[in-house]
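**Student:** curious how this folds, go ahead:
(one chain, ligands or ions: 2)
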Amino acid sequence: MSVIYKRVSLIGLGLIAGSMALAMRRAGLAGEITGYARSAETRDTAREIGLCDRICDSAAEAAKDADLVVLCVPVGAMEAVARDIAPVLKPGATVSDVGSVKRTVIEAVSPHIPDGVHFIPAHPLAGTEHSGPRSGFAELFDNRFCILVPQPDSDRAAVDSLAALWRGMGANVDEMDADHHDLVLAVTSHTPHLIAYTMVGVADDLRRVTDSEVIKYSAAGFRDFTRIAASDPTMWRDVFLNNKDATLEILGRFTEELFALQRAIRQGDGDHLFDYFTHTRAIRRGIIDAGQDTDAPDFGRAKAQKG
Ligand SMILES: NC(=O)C1=CN([C@@H]2O[C@H](COP(=O)(O)OP(=O)(O)OC[C@H]3O[C@@H](n4cnc5c(N)ncnc54)[C@H](O)[C@@H]3O)[C@@H](O)[C@H]2O)C=CC1
Ligand SMILES: O=C(O)C(=O)Cc1ccc(O)cc1
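**Tutor:** Ligands and ions are numbered 1, 2, ... in the order given. Below is the predicted model:
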């Protein structure tokens, strides 16, 4: 594959930026990759493992002369970074991000983007519970979706270049409106994470079951919950604070269904339980038939542990 951007700048050097750097290198998509992270320790680690061609000591230095700047920081830090890099962005450059929430990121970042610079938000639907500069791997985006959220005035050629970059990194690209994205993600990712956090908290609270029993007898379902609940607290705090309405909407529906199942159990209503589980099994089978069960979590964990 050939170079799409001469100079790419990654701000925030964790799982996603690290995986992007490795995936871009794998396919030769960037001439030079610069990077910046807020903590000196992260920058030192990134230098030590050669994550980028150049690690800079400020976001502005990393973004200077870049053709593409990708904000790879927690959602709550996007605005501060956009403010820092705004003065050095060159005309014709593209700014993108990888945040798990889109509407508030667009509202926070857009005002800082100078005229003549393209802002094209994005979200790769791929990740693991690991974080930090050592957690990235080149295959993270393979066969995963990356959702682009072009703005009404987005330049088509700039959107096409960004889409080509994500395809070059292995992803399938779709476009979506920000509000729809946030609702879809509240259903498929954000609320499930909250449920996992809660379930692990409940198990921890249950003093009649000791820690060693929780670990020893963890069946697959609970094991997955513990994996998800080990995800980065800063990132997930920011997700819920920034996708408030959609998450609360889905949580409301979730608790209604949960109460109905609770009542069925109390009343011994086996028909309700059977019908409900039959319906949900059909949904799972639909996902498998559509070829969309690529089992990212285990794949990600295995790769990250190797590295
Ligand atoms: N972890 C996951 O599974 C996925 C995460 N995302 C999104 O990607 C973004 C990054 O997530 P990860 O790479 O997982 O996080 P991470 O925790 O691995 O890395 C974040 C990096 O940002 C740096 N950082 C934090 N605040 C900063 C600031 N103000 N200025 C400069 N650097 C700063 C941290 O030092 C760290 O290097 C988040 O917005 C997250 O919502 C998207 C898809 C999947
Ligand atoms: O590790 C998992 O199971 C994930 O769900 C990864 C993930 C986390 C956050 C995102 O915005 C997208 C993907």
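**Student:** where exactly do the helices run in the stretch 201-307 of the chain?
**Tutor:** All helices of the stretch 201-307 of the chain, identified by DSSP state H, counting those that start in this stretch, fall at 211-216, 220-228, 233-242, 244-267, 270-289, 296-306.
**Student:** which of those helices sits closest to Val75?
**Tutor:** Closest to Val75 of those is helix 233-242 (C-beta to C-beta; 4.1 Å). C-beta here means a position set from N, CA and C on the backbone, and glycine is covered the same way.
**Student:** which outside residues touch that closest one?
**Tutor:** Residues external to helix 233-242 that are found in contact with it (C-beta atoms under 8 Å, 6 or more residues apart in numbering): 74-77, 100-101, 103-105, 131, 190, 193-194, 197, 247.
**Student:** do it and ligand 1 meet?
**Tutor:** Yes. Shown here: helix 233-242 in contact with ligand 1 (C-beta under 6 Å from any ligand atom) through Met235.
**Student:** determine how far that helix lies from the middle of the whole chain.
**Tutor:** Helix 233-242 sits 11 Å away from the centroid of its parent chain (C-alpha atoms, centre = their mean, to the nearest Å).
**Student:** phi, psi for Ser58 please.
**Tutor:** Backbone dihedrals for Ser58, given as degrees, to the nearest 10, come out at phi -150, psi 160.
**Student:** which ones are touching it?
**Tutor:** Contacts of Ser58 (C-beta under 8 Å, 6+ apart): 36, 84.
**Student:** output the set of residues of this protein in proximity to ligand 2.
**Tutor:** Applying C-beta under 6 Å from any ligand atom, we find that the chain lies next to ligand 2 at 100, 125-129, 189, 228, 297.
**Student:** where's the dip in pLDDT among the residues you listed?
**Tutor:** Within the set of the residues of the chain next to ligand 2, pLDDT is lowest for Pro297 (39).
**Student:** just the closest of the contacts of helix 233-242 to ligand 2, please.
**Tutor:** Nearest to ligand 2 out of the contacts of helix 233-242 is Ser100 (C-beta to the nearest ligand atom; 3.3 Å).
**Student:** on that earlier part again, widest-spaced pair of the contacts of helix 233-242?
**Tutor:** Within these, Arg103 and Ser131 form the most distant pair, 23.6 Å apart (C-beta to C-beta).
**Student:** out of the helices of the stretch 201-307 of the chain, which one sits most buried?
**Tutor:** Across these, averaging neighbours per residue (mean count of other C-beta atoms under 10 Å) puts helix 233-242 on top, at a mean of 18.
**Student:** what angle do that one and helix 244-267 make?
**Tutor:** Taking axes from the mean of the first three to the mean of the last three C-alpha atoms, to 10 degrees, helix 233-242 and helix 244-267 form an angle of 100 degrees between their directions.
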